[in-house]
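Enquirer: build the 3D model from these lines:
(one chain, ligands or ions: 1)
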Amino acid sequence: MTAEGIVGEYLALKRESEADLLAMQMGDFYEFFHEDAVTVGQELDLKVSERSSGGKTYKMAGVPVDDLTPYVSGLVERGYRVAVADQHETENGHERSITRVVTPGTLLETTTEDAQYLAAIVEGGSEGRTDEDEYGLAFVDITTGQFHVTTVSEADSVLTECYRFTPTEVLPGPDVRGNDRLLERLHERVETNSTLHATAAFEPGRARHTVREQFGEIEASVGLENEAAIRAAGASLSYIEETGMGALAAVTRLQRYQADDHVELDATTQRNLELAETMTGSGKSLFETIDHTVTSAGGRLLKEWLTRPRRSRGELERRQACIAALCETAMVREELRELLENVSDLERLASRSVSGSADAHDLLRMRDTLALLPQVGERIERTNRLAGSPLSDIITRPDRTAAADLHAALEDALAEDPPQTLTQGGLIRKGFDDELDALIEEHEGATEWIETLAEREQNRHNIGRLTVDRNKTDGYYIQVPKSETANVPEEYEGIKTLKNSQRYVTDDLREHERDILRLEEQRGELEYELFEELRTQAAEQASLLQDVGRALAELDTLMGLAVHAVRHDWTQPTLTAPGPIDIETGRHPVVETQTEFVPNDLSMTEDWRFLVVTGPNMSGKSTYMRQTALIVLLAQIGSFIPAHSATIGLVDGIYTRVGALDELAQGRSTFMVEMQELSNILHSATEDSLVILDEVGRGTATYDGISIAWAATEYLHNQIKSKTLFATHYHELTDLADRLPGVHNVHMAAEDRDGDVTFLWTIDDGPADRSYGVHVAELASVPEPVVDRARTVLRRLREDKAINVRGGESTGDDTQQVVFDLGSGQFRRTSADGGDDASLDPDKKAVLEALEDINVNEESPVDLMGKVKHWQEQLEE
Ligand SMILES: Nc1ncnc2c1ncn2[C@@H]1O[C@H](COP(=O)(O)OP(=O)(O)OP(=O)(O)O)[C@@H](O)[C@H]1O
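Expert: Presented below is the predicted three-dimensional model:
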């Protein structure tokens with residue numbers, strides 16, 4: 001075929017594949033042409049050459065056939081969908097066709113240890129029902145076989161769940177494709193690729209059929225009855241079938257979950273709390289700080305726990321009991337950790353077996369890991385403290401007999417040191433298969449004849465430096481240095497003359513070579529066949545392998561948490577039904593590892609449910625609030641916590657509103673983002689939630705900011721009743737503590753000695769008395785004249801404000817504070833003890849108070865009229 005013809009074929013296949021890039025096999029190479037060659041060259045530093053043919057030039061880049069996998073993985077991990085066209089021999093030569101399309105969500109040969117989820121998002125439940133939002137979500141990781149399906153009722157929850165799973169590829173259902181707002185927000189939050197999978201795959205009947213094919217009767221086996229969920233599940237499975245290279249069978253079970261199994265952590269909160277990564281990219285995330293796992297599956301599970309904290313007390317107490325037992329058994333724990341260091345990723349090995357990509361080394365790793373299971377079990381079982389804990393359930397959960405059988409099968413069959421390739425033999429142990437043994441014996445006999453040939457010939461013909469060797473072009477040959485060719489016998493047939501030597505073959509050598517080649521081929525084929533049987537046997541046990549992998553991962557994660565607890569003196573919190581949160585000397589889990597940390601207490605009850613946190617800049621307000629959120633979160637993954645002791649009333653959600661650093665970079669108004677986040681919290685939080693607000697309202701004009709902060713506080717306190725920590729520089733807000741029973745002021749203490757401020761990092765009751773912003777400017781080495789001038793301006797401003805509010809005359813009463821009153825939209829005076837303006841007529845005050853206390857919804861119209869009449873009389877008096 002001409003070069004032009006080849007490029008034409010390439011372009012046609014590329015169109016057919018609908019992929020971003022195409023690798024087309026041409027003999028021993030896979031080639032990329034035109035722009036694809038340029039892209040691959042740039043992304044993977046591959047050499048791009050320019051060829052010309054028929055007056056046209058074209059670019060091409062190629063990789064050897066055996067090296068394709070890492071290149072495809074590299075491209076797919078950069079977000080490309082890569083099609084592969086293989087070459088097949090036919091009667092008239094060869095032809096090429098697309099054999100697979102590798103996509104970010106279905107890449108098996110991933111190079112990272114992280115989970116790799118493909119998500120399908122479907123909107124709407126029953127057909128034609130558009131009145132109400134409902135979304136079906138499916139998340140599937142073919143590298144581990146994990147498959148989670150749920151339904152949620154709001155777009156925000158779609159984002160929350162997507163943020164938990166951070167899918168690398170998303171299949172928006174036909175009804176979601178037009179929802180630009182949702183998709184836009186999704187892409188803002190998660191670095192993912194959207195793929196338009198066939199609309200038909202999302203149809204209810206078709207999707208139901210796909211799910212049934214995979215798992216049997218849906219309702220009975222997986223309890224999946226919601227149509228949106230079935231459509232998402234079916235579509236994702238069909239996509240994997242199309243692109244996942246046979247890995248579909250690794251999806252052995254479907255885990256249906258309810259969004260309320262987990263603590264609600266909206267996307268912003270997951271980021272703000274820096275669970276798996278930090279907001280700025282520097283410093284340490286919570287995961288990095290507490291991760292002491294020794295296996296990749298253990299690390300993955302810890303990440304999963306952190307992003308999906310639980311609400312079930314039973315499950316959390318079970319994990320706590322395991323950690324407690326592991327904390328007390330240091331010796332065995334270290335032994336176990338040493339054992340686990342040799343554990344391979346069984347979930348991944350199961351997927352590779354299922355898809356047929358596992359090689360002999362993969363099966364050896366599988367064998368060695370399975371061998372560790374009884375050892376791990378034995379150590380747990382012989383240690384009373386561990387055997388009496390729920391750890392014994394974890395280790396008995398997988399079918400240990402089946403695991404031992406699979407181990408024995410692998411042990412019997414696999415050779416100890418197999419080659420990297422699967423076609424050259426050397427994979428299977430002697431004694432496993434009679435036919436193979438006979439072949440091996442014959443093969444060994446033939447090779448031995450050749451191996452000893454040189455010695456025999458040297459002696460026979462007295463040629464001291466005669467050697468026998470083999471290469472690709474000449475096959476086996478005898479080589480004699482030119483200085484000794486005089487002794488070469490007649491039966492030697494010369495085949496090549498080199499500079500200093502001569503090569504020969506003999507009839508005998510040819511015959512043995514033929515034998516060896518035949519035997520090698522037969523042996524290679526038979527061994528490959530036997531290996532495939534073994535791999536199929538492993539693939540059939542995918543769900544067992546996943547169970548064992550999961551059990552070892554859980555053990556690893558729990559041990560990691562125990563290690564951290566012991567090293568950092570963490571304690572087991574008492575978990576209760578939603579209610580008070582009491583933390584004695586709590587610390588920030590990340591900051592405490594980086595600096596000398598001053599611990600702080602926290603107590604929140606129904607009557608003490610809203611804390612307004614004030615204090616100078618840099619005094620530790622944010623740290624205090626975040627540490628509270630993180631302690632509650634850690635408690636809800638079942639971990640011990642950085643505190644002397646604590647009682648945690650379990651929460652249903654943790655919501656935070658703190659700085660919006662990265663949105664700024666995306667060019668959106670910070671204030672708009674701030675308000676969207678606030679709005680989400682006010683819509684989603686409940687009485688059982690924990691809400692952290694850091695400086696809400698700061699992004700706009702002061703009075704607007706104060707008004708919003710004030711109104712949000714009232715709403716959270718009165719309507720939602722969540723436990724809330726609110727840090728603010730608006731000292732006006734501290735006045736709310738006097739008006740709302742659940743609101744209390746606390747502040748970060750600082751000592752001011754003649755203008756020299758020292759932060760104490762301790763939390764005290766009551767509001768802070770002043771802001772130390774100018775001091776922080778001084779700390780940051782702002783030039784002295786600016787700092788001095790700022791002090792003067794600040795003093796003047798304070799005075800001016802006081803004068804304005806006082807209507808130009810000083811009352812000379814220092815016990816009065818000036819606060820902003822949202823009711824009137826004006827500043828007003830209060831006495832420092834928090835009472836309202838003392839000058840207000842007591843009768844009027846009584847009317848105002850009665851008016852404030854009244855709940856219009858609970859009073860009958862007649863009673864209301866009576867009360868209004870009574871107030872009028874009171875005011876007239
Ligand atoms: N309890 C503590 N013990 C020791 N160091 C602390 C403590 N709390 C905070 N810090 C340190 O103080 C620094 C400032 O804390 P943080 O950011 O929480 O202050 P802030 O009051 O929220 O500041 P701003 O009002 O400017 O946002 C942190 O970098 C942290 O290292």
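Enquirer: alpha carbons only for contacts and neighbour counts from here, please
Expert: Will do.
Enquirer: pull up the residues of this structure that are close to the ligand.
Expert: 596-599, 616-623, 761 (Cα under 6 Å from any ligand atom).
Enquirer: residues contacting Thr369?
Expert: With contact taken as Cα atoms under 8 Å, 6 or more residues apart in numbering, Thr369 is in contact with 342-344, 346.
Enquirer: let's see which of the residues of the chain next to the ligand end up in strands.
Expert: Trp761 (DSSP state E).
Enquirer: mind checking how far stretch 7-26 is from the chain centre?
Expert: Here stretch 7-26 is found 33 Å from its chain centre; the criterion is Cα atoms, centre = their mean, to the nearest Å.
Enquirer: picking up where we left off before, out of the contacts of Thr369, who's the most crowded?
Expert: Neighbour counts for the contacts of Thr369, by other Cα atoms under 10 Å, peak at Leu346, which reaches 28 neighbours.
Enquirer: secondary structure class of the nearest residue to it once chain neighbours are set aside, three-state.
Expert: Leaving aside its sequence neighbours, Leu346 sits nearest to Gly549 (Cα to Cα, 6 or more residues apart in numbering; 4.9 Å). What DSSP: H, G, I helix; E, B strand; the rest coil gives for Gly549 is helix.
Enquirer: so Pro616 touches Met748, yeah?
Expert: Yes. With contacts counted by Cα atoms under 8 Å, Pro616 reaches Met748, the gap being 7.4 Å.
Enquirer: ok, whichever residue of the stretch 701-850 of the chain sits closest to the ligand - how many residues close by?
Expert: At 4.5 Å from the ligand, Trp761 is the closest residue in the stretch 701-850 of the chain, using Cα to the nearest ligand atom. By other Cα under 10 Å, 21 other residues sit near Trp761.
Enquirer: rewinding a little: of the contacts of Thr369, just say which sits nearest to Leu391.
Expert: Leu391 has its nearest neighbour among those in Val343, at 17.9 Å by Cα to Cα.
Enquirer: give me the pLDDT for that closest one.
Expert: Val343 is assigned 95 on the pLDDT scale.
Enquirer: would you say it is within a strand?
Expert: No. Using three-state DSSP, the assignment for Val343 is coil, not a strand.
Enquirer: how about it, what does it touch?
Expert: The contact partners of Val343, by Cα under 8 Å, 6+ apart, come to 295, 365, 368-369, 372.
Enquirer: turn the residues you listed into JSON lines, including pLDDT, distance to Glu858 and secondary structure.
Expert: Listed next are these as JSON lines, based on pLDDT from 0 to 100; distance: Cα to Cα, whole Å; DSSP: H, G, I helix; E, B strand; the rest coil:
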{"residue": "Thr295", "pLDDT": "96", "distance to Glu858": "60", "secondary structure": "coil"}
{"residue": "Arg365", "pLDDT": "96", "distance to Glu858": "70", "secondary structure": "helix"}
{"residue": "Asp368", "pLDDT": "96", "distance to Glu858": "70", "secondary structure": "helix"}
{"residue": "Thr369", "pLDDT": "97", "distance to Glu858": "67", "secondary structure": "helix"}
{"residue": "Leu372", "pLDDT": "96", "distance to Glu858": "67", "secondary structure": "helix"}
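Enquirer: need the max-distance pair from these.
Expert: Thr295 and Asp368 (14.2 Å).
Enquirer: and these two? Which one has more around it.
Expert: Between Thr295 and Asp368, counted using other Cα under 10 Å, Thr295 has the larger neighbour count: 21 against 17.
Enquirer: phi first, then psi, for the more buried one.
Expert: Phi and psi for Thr295, reported as degrees, to the nearest 10, are phi -120, psi 160.
Enquirer: circling back to that earlier point, name the nearest of the contacts of Val343 relative to the ligand.
Expert: Nearest to the ligand out of these is Thr295 (Cα to the nearest ligand atom; 31.3 Å).
Enquirer: wait, isn't that closest one in contact with Asp556?
Expert: Yes. Assessed by Cα under 8 Å, Thr295 is found in contact with Asp556 at 7.0 Å.
Enquirer: any common contacting residues for these two?
Expert: The contact sets of Thr295 and Asp556 overlap at Leu340 (Cα under 8 Å, 6+ apart).
Enquirer: next up, phi/psi of whichever residue of the stretch 201-350 of the chain sits closest to the ligand, please.
Expert: For the stretch 201-350 of the chain, the residue closest to the ligand is Gly283, as judged by Cα to the nearest ligand atom, at 11.3 Å. Backbone geometry at Gly283, expressed as degrees, to the nearest 10, gives phi 80, psi -170.
Enquirer: distance of the closest residue to Tyr80 other than its chain neighbours from Leu682?
Expert: Distances taken as Cα to Cα, 6+ apart put Asp20 closest to Tyr80, at 5.9 Å, once the chain neighbours are dropped. Separation of Asp20 from Leu682 (Cα to Cα, to the nearest Å) stands at 43 Å.
Enquirer: quick check: closest non-adjacent residue to Phe640.
Expert: Nearest non-adjacent residue to Phe640 (Cα to Cα, 6+ apart): Gln572, at 4.6 Å.
Enquirer: measure the one you found to the ligand for me?
Expert: 21 Å (Cα to the nearest ligand atom, to the nearest Å).
Enquirer: residue contacts, Leu530?
Expert: Leu530 touches Ile428, counting by Cα under 8 Å, 6+ apart.
Enquirer: secondary structure element holding it?
Expert: Using DSSP states H and E, Leu530 falls within helix 507-540.
Enquirer: return the distance of that helix from the chain's centre.
Expert: Distance of helix 507-540 from its chain centroid, counting by Cα atoms, centre = their mean, is 43 Å.
Enquirer: now for Arg15, how many residues are close by?
Expert: Neighbours of Arg15 (other Cα under 10 Å): 12.
Enquirer: now name the helix or strand holding it.
Expert: Arg15 belongs to helix 3-17, assigned by DSSP H and E.
Enquirer: still on that earlier bit, ok, the residue nearest to Phe640 touching His644?
Expert: No. Using Cα under 8 Å, Gln572 is not in contact with His644, being 9.0 Å away.
Enquirer: the more surrounded of these two?
Expert: Between Gln572 and His644, Gln572 has the larger neighbour count (other Cα under 10 Å), namely 22 against 17.
Enquirer: mind checking which helix or strand Ser477 is in?
Expert: If you look again at residue 477, you'll see it is Tyr, not Ser. Applying DSSP H and E, one finds Tyr477 within strand 475-481.
Enquirer: which outside residues touch that strand?
Expert: Residues beyond strand 475-481 that count as contacts (Cα under 8 Å, 6+ apart) turn out to be 454, 463, 465-470, 500-505, 509-510, 513.
Enquirer: whichever of the residues you listed end up buried, select them in PyMOL.
Expert: Those of those that count as buried under 16 or more other Cα atoms under 10 Å are selected in PyMOL with:
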select buried, resi 454+463+466+467+468+502+503+504+505+509+513
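Enquirer: give me the subset of the contacts of strand 475-481 that lies in helices.
Expert: Counting by DSSP state H, the contacts of strand 475-481 place 454, 509-510, 513 in helices.
Enquirer: and which of these is nearest the ligand?
Expert: For the ones in helices among the contacts of strand 475-481, the nearest to the ligand is Glu513 (74.1 Å; Cα to the nearest ligand atom).
Enquirer: for that closest one, give me the pLDDT.
Expert: 91.
Enquirer: fine by me, we can end here.
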